[in-house]
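Visitor: Kindly generate the corresponding structure for this input.
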Amino acid sequence: MLHLKKIYIPILSATILVFLFIFSDELPLNGIFSERNPDLKNLGSLPVVIPTLKYGFAIDTFTIEEKIIKNGDVIGNILNNNGVGGQIVHEIMDENQHVFKPSNFRVGEKYTLFKSMDNKHLEYLVYEPNVYHYYIFNFIDSLSIKKVERPVVKKIKSTSGTIESSIWNAMAEKGSSPELIAKLEDALQWSIDFYHLQKGEKFKIVYESHHIDGKEIGAGLVLAARYEMEKNTINAIYYSKPAFKGYYDLEGRPLNKGFLRSPLRFSRISSYFNTSRLHPILRRVRPHFGTDYAAPHGTPIMSVGNGVILEARYSGGNGNYVKIKHDKLHTTQYLHMSRFGPGIRSGAQVQQGQTIGYVGSTGLATGPHVCFRFWKNGQQVNHLRLSFPPPEPLPKGEIPSFNKEKEGVIALLR
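Guide: Okay, the predicted model is just below:
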């Protein structure tokens, strides 16, 4: 029994001391432990460290390298150069091809390497193609690729203005982004000739503004637009029903009249259709069976309508050009391109608004522009003078649903 007392009495004494330390105000940090650990006296005054978060990671715990994709960069080579073996690269890309394809990795976009603190091992790669989503390549917990969508909050906003010189300048002066200006032109492109606007004409639009983490990051749909001219007012109402989605006037007639007014968004007409024009290079009178749109080198060129590509090649005077058959009556041609758009070749189907090439000055050209030519019944004509038959309106059974959407945005336009 005496032997047991020698064992338990020290244990009991130690237990009592711990109890007093925890529950007594008399023996806290300034008591018996603070003499041996003087730094603990100021424990309560130490600052609280909040980690820096990005893409869901505490980036303070990694060695971070932010990069921009350059010409010739391939995702596999980037991983190999950062210590990821070829077998692992093959495995992660093969098993996650439903999430990410190597073709998604595009020049000019940014990616971030998350390495261990000693900079020896790549643990994660994050590829961010835009502000709306990003991809996480995981080399630690599992070989996986995850697409993360950032939550977007949509707010309804409006803006208006008066034309002094162009709709671009009028909206830019209001602080509108190029993205929003382009979307307004998309809504009105079948109804308004943006190259012949008059001073004093007015416009107003209602649109969705996209916000992420409380910051405005872009423009969404233009829900409604109104353009007031001296003798006419154009209204464009967006109808969202999948089978009929697009822009309509107040009576439910579609604004899409078959062809865009122009193959470029932001440009100016530098030369009109003219059967007796003096050629600027050949210096002799030569008919100009097209309309020249001057724009910066590399500006995207759009197909003005749906169709099939008849030719996509180079010829001496025309340079790089594309010719498209739209229907039995209409064909268009786009000359002097710097290069063709993705997938543009003879026999390919194209959609209205699709990029088919980029502005250049190949062939007989004095500067970057696209010469746009239009055939009707096999004859080259001035497309600016053409008028097309009005499109069919929405079916009668669809009008009540359209009117319901229309009334909501019309109130905002007013």
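
Visitor: contact partners of the host helix or strand of Lys323?
Guide: Using DSSP states H and E, Lys323 falls within strand 319-325. Residues outside strand 319-325 that contact it (C-beta atoms under 8 Å, 6 or more residues apart in numbering): 303, 305, 307-315, 331-340, 344, 350, 356-357, 360-365. For the C-beta atoms, the positions are set from N, CA and C on the backbone; glycine is no exception.

Visitor: How far does it sit from its chain's centre?
Guide: Its chain's C-alpha centre and that of strand 319-325 lie 27 Å apart, by C-alpha atoms, centre = their mean, to the nearest Å.

Visitor: Residues contacting the helix or strand immediately after that strand in the chain, please?
Guide: Using DSSP H and E, the helix or strand that follows strand 319-325 in sequence is strand 330-340. Residues from elsewhere that reach strand 330-340 (C-beta under 8 Å, 6+ apart): 259, 263, 290, 297-298, 301, 303-305, 307, 310, 312, 318-326, 356-363, 365, 368-376.

Visitor: Name every strand pairing with strand 330-340 and say which way it goes.
Guide: Strand 330-340 sits in its sheet next to strand 319-325 (antiparallel), strand 355-359 (antiparallel), strand 369-376 (antiparallel), going by DSSP bridges.

Visitor: Sketch out the strands for the stretch 51-200 of the chain, chain order is fine.
Guide: Using DSSP state E, counting those that start in this stretch, the strands of the stretch 51-200 of the chain run over 53-54, 57-58, 63-68, 110-115, 122-130, 133-138, 144-149, 153-162.

Visitor: how near is His297 to Glu230?
Guide: The gap separating His297 from Glu230 is 37 Å, by C-beta to C-beta, to the nearest Å.

Visitor: who's more crowded, the two?
Guide: His297 (12 against 8; other C-beta atoms under 10 Å).

Visitor: For that one, list the residues it contacts.
Guide: So His297 contacts Ser338, Tyr358, Val359, Gly360, Ser361, Pro368 (C-beta under 8 Å, 6+ apart).

Visitor: out of the residues you listed, what pair is the most spread apart?
Guide: Using C-beta to C-beta, the two most remote members of the contacts of His297 are Tyr358 and Ser361, lying 11.3 Å apart.

Visitor: Those two: who's more crowded?
Guide: Tyr358 (20 against 15).

Visitor: Can you name the residues bridging to the more buried one?
Guide: Pro300, Arg339.

Visitor: Hmm, Gly298 and it touching each other?
Guide: Yes - using C-beta atoms under 8 Å, Tyr358 is in contact with Gly298, at 5.0 Å.

Visitor: Might you list the low-confidence residue ranges for this structure?
Guide: The model of the chain has pLDDT under 70 over residues 1-47, 266, 275-286, 389-391.

Visitor: quick one, helices of it?
Guide: Per DSSP state H, the chain carries helices over the ranges 2-23, 75-81, 86-95, 167-173, 178-188, 399-413.
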